[in-house]
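1. Could you look at this predicted model? Sequence included:
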Amino acid sequence: MDIGTRRKASVFLTRSTMMSNLIDAHWFPLASQGNIYSMTKLCSPNSPNKLLVASLKRKIYSCEYHQTSEFLRPMVKELLFTYIPSGAEIISIDAYNKSDTGDSFVIGITIMKTSTDTIERYLNIYTEGAVDGEGDEGSSIEAIAQNCLMVELSYTPYHLYHTVLPQENSVQEVVWLISGSDYRIHMIREDKLSHVYSESSIEKYFPELHDIQAIALWINIYYYDNYKRRVTAVGCECGLVKVAIVNVVDLQVIRSWLLRYDKPVPSVIVFPHRNAISKPTFVDVNFEKCVPKDDVPKLNVVISSTSNAVVFKDILEHGMKRDVILSGSESSDCILCCCIADINMDGQNEILLGTYGQEVLIFALTGDTWELAARKLFDAPVHSISYMDITN
């Protein structure tokens, strides 16, 4: 497994096999500093998964591992994305694969360029182009970087996030959500006929995100019950946190909570108590009968303000009443990011916090208590953490 930590001018890749066995696998320098939105991943069903890392000054890199007969070989290369003008700054990057069987990547990058009297802001969306008899060359990441659709923005973008827009009796659609300096969250959607992206009413499809009236630093949406329900969580610059449970079928907010902290909230994540693990094909079919299945999942929410992190347990059952501060997080120097990962591979998630104090705190659930299991030190602030299978 791979944990990438985003720092001031470098990226570290750490290989995880067990909780106490985090191995530094690779690192590479960046041309300039990034931020908490500067890293994303590209997952493929038939090729190595990739990490995309952006720096403020236009440079974007991909990192992947190739399996040799004896070891894993890292490969880092700069990607030349078109329509990022000289002098522009990259604010955020996100990406997804719209194919379950191949590589059909879509990459979103928000940029801002300032001059003496104007500020230009755009969402650049890169996707595969038409190719005439050239196999899958149009879907290579280098080709995708040259095929750009631009959406001009009237606000300064913050978090760029993609999520599913469930469609009854049709293929699920993926849309972009952008938090803006105008105290709103915007939805950018593709017109399938004209292949043009434009803003759509967020109130119609995500009523829980309408009228936030704050700068959202982080958005997280978790679907369950076969996409019939979702939990949406938003953390804001002013310390406001909103958590909502939504009936997706009729788009009604079932329950919602507003919490206020005295510090900015750069991360809020909804995650299951245990991971669902698919049964291997070689296991006898009767094995499934021995595994209890809960109709209602046990979902937790971890809220990371810059001063500490709090876990709310089983919110579908108890709401936002059962909370516990992650002991040790309050003594760290400014929490910048959070990642949920099963790093010891026991089926149960751990919580990783990256701090400005140049460390990653790892919390594990022991019995019914979250305990600080490990600290890993770095030589610069940790702006972002990503978790993925590097070997696929």
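-> Great, that's in hand.

2. in the stretch 251-392 of the chain, what spans have low per-residue confidence?
-> Low-confidence segments of the stretch 251-392 of the chain, defined by pLDDT under 70: 277-295, 392.

3. quick one, helices of it?
-> Assigned by DSSP state H, counting those that start in this stretch, the helices in the stretch 251-392 of the chain fall at 315-318.

4. again, but for the stretch 51-200 of the chain
-> Listed in chain order, the helices of the stretch 51-200 of the chain (DSSP H, counting those that start in this stretch) span 141-144.

5. where in it is pLDDT low?
-> The stretch 51-200 of the chain contains residues with pLDDT under 70 at 129-139.

6. Let me see the ranges of the strands in it.
-> 60-67, 72-79, 89-97, 105-114, 119-127, 148-153, 157-165, 173-180, 185-191, 196-200 (DSSP state E, counting those that start in this stretch).

7. Who are the packing partners of the last one?
-> This points to strand 196-200. Contact here means 3 or more C-beta pairs under 8 Å, 6 or more residues apart in numbering; DSSP states H and E; on that basis strand 196-200 packs against strand 148-153, strand 185-191. From N, CA and C alone the C-beta is placed, and that goes for glycine too.

8. Save the ones you listed as JSON lines, and put in distance to Ser327 and mean neighbour count too.
-> What follows is the helices and strands packed on strand 196-200, written out as JSON lines (distance: least, C-beta to C-beta, whole Å; neighbours: other C-beta atoms under 10 Å):
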{"stretch": "strand 148-153", "distance to Ser327": "41", "mean neighbour count": "16"}
{"stretch": "strand 185-191", "distance to Ser327": "33", "mean neighbour count": "19"}
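
9. will you turn the ones you listed into JSON lines that also has distance to Thr366?
-> What follows is those, written out as JSON lines (distance: least, C-beta to C-beta, whole Å):
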{"stretch": "strand 148-153", "distance to Thr366": "45"}
{"stretch": "strand 185-191", "distance to Thr366": "37"}
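
10. Determine which of those approaches Thr391 most closely.
-> Shortest distance between Thr391 and these, using C-beta to C-beta, is found for strand 148-153: 31.1 Å.

11. That closest one - which strands sit beside it in the sheet, and in what orientation?
-> strand 119-127 (antiparallel) (DSSP bridges).

12. buried ones in the strand it pairs with?
-> By neighbour count with 16 or more other C-beta atoms under 10 Å, strand 119-127 contains the buried residues 121-127.

13. circling back: as a markdown table, the strands of the stretch 51-200 of the chain with distance to Glu317 would be great.
-> What follows is those, written out as a markdown table (distance: least, C-beta to C-beta, whole Å):
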| stretch | distance to Glu317 |
| --- | --- |
| strand 60-67 | 40 |
| strand 72-79 | 42 |
| strand 89-97 | 31 |
| strand 105-114 | 35 |
| strand 119-127 | 38 |
| strand 148-153 | 40 |
| strand 157-165 | 24 |
| strand 173-180 | 28 |
| strand 185-191 | 28 |
| strand 196-200 | 34 |
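
14. do you know which of the ones you listed lies nearest Ala233?
-> strand 157-165 (11.4 Å).

15. Against which helices or strands is the closest one packed?
-> By 3+ C-beta pairs under 8 Å, 6+ apart, strand 157-165 packs against strand 89-97, strand 105-114, strand 119-127, strand 173-180, strand 216-224.

16. Arrange those in a markdown table, one row each, with distance to Leu240 as further columns.
-> Compiled in a markdown table, the helices and strands packed on strand 157-165 are given as follows (distance: least, C-beta to C-beta, whole Å):
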| stretch | distance to Leu240 |
| --- | --- |
| strand 89-97 | 20 |
| strand 105-114 | 22 |
| strand 119-127 | 24 |
| strand 173-180 | 12 |
| strand 216-224 | 9 |
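
17. Which one of the buried residues of strand 119-127 is nearest to Ile23?
-> Tyr126 (33.1 Å).

18. Quick check: the residue lying closest to the closest one once chain neighbours are set aside vs Ile141, distance?
-> Counting by C-beta to C-beta, 6 or more residues apart in numbering, Tyr126 lies nearest to Ile107, which is 4.4 Å off, once chain neighbours are set aside. As judged by C-beta to C-beta, to the nearest Å, Ile107 and Ile141 stand 8 Å apart.

19. cool, Phe312 as well?
-> To Ile141, Phe312 is 38 Å away according to C-beta to C-beta.

20. which of these two has more neighbours?
-> Shown here are Phe312 and Ile141; by other C-beta atoms under 10 Å, Phe312 has more neighbours (24 against 20).

21. To Asp379, which of the helices and strands packed on strand 157-165 lies closest?
-> With C-beta to C-beta as the criterion, Asp379 lies closest to strand 89-97 of the helices and strands packed on strand 157-165, at 23.6 Å.

22. Sheet partners, orientation included, of the closest one?
-> On the basis of DSSP bridges, the sheet neighbours of strand 89-97 come out as strand 105-114 (antiparallel).

23. Output the strand it pairs with as CSV, restricted to C-alpha atoms.
-> What follows is strand 105-114, C-alpha atoms only, in CSV (Å, rounded to 0.1, in the frame of the first residue of the first chain):
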residue,chain,number,x,y,z
PHE,A,105,-9.8,9.6,-17.0
VAL,A,106,-11.3,13.0,-16.3
ILE,A,107,-9.0,15.6,-14.6
GLY,A,108,-10.2,18.9,-13.1
ILE,A,109,-7.8,21.7,-12.3
THR,A,110,-8.8,25.1,-10.9
ILE,A,111,-6.5,28.0,-11.7
MET,A,112,-6.2,31.7,-11.0
LYS,A,113,-4.3,34.4,-12.8
THR,A,114,-4.0,37.9,-11.4
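
24. Next, the angle from that strand to strand 196-200.
-> 70 degrees (axes from the mean of the first three to the mean of the last three C-alpha atoms, to 10 degrees).

25. in strand 105-114, what's buried?
-> Here strand 105-114 shows 105-112 as buried, counting by 16+ other C-beta under 10 Å.

26. residue contacts, Leu72?
-> When contacts are counted by C-beta atoms under 8 Å, 6 or more residues apart in numbering, Leu72 touches 25, 65-66, 390-391.
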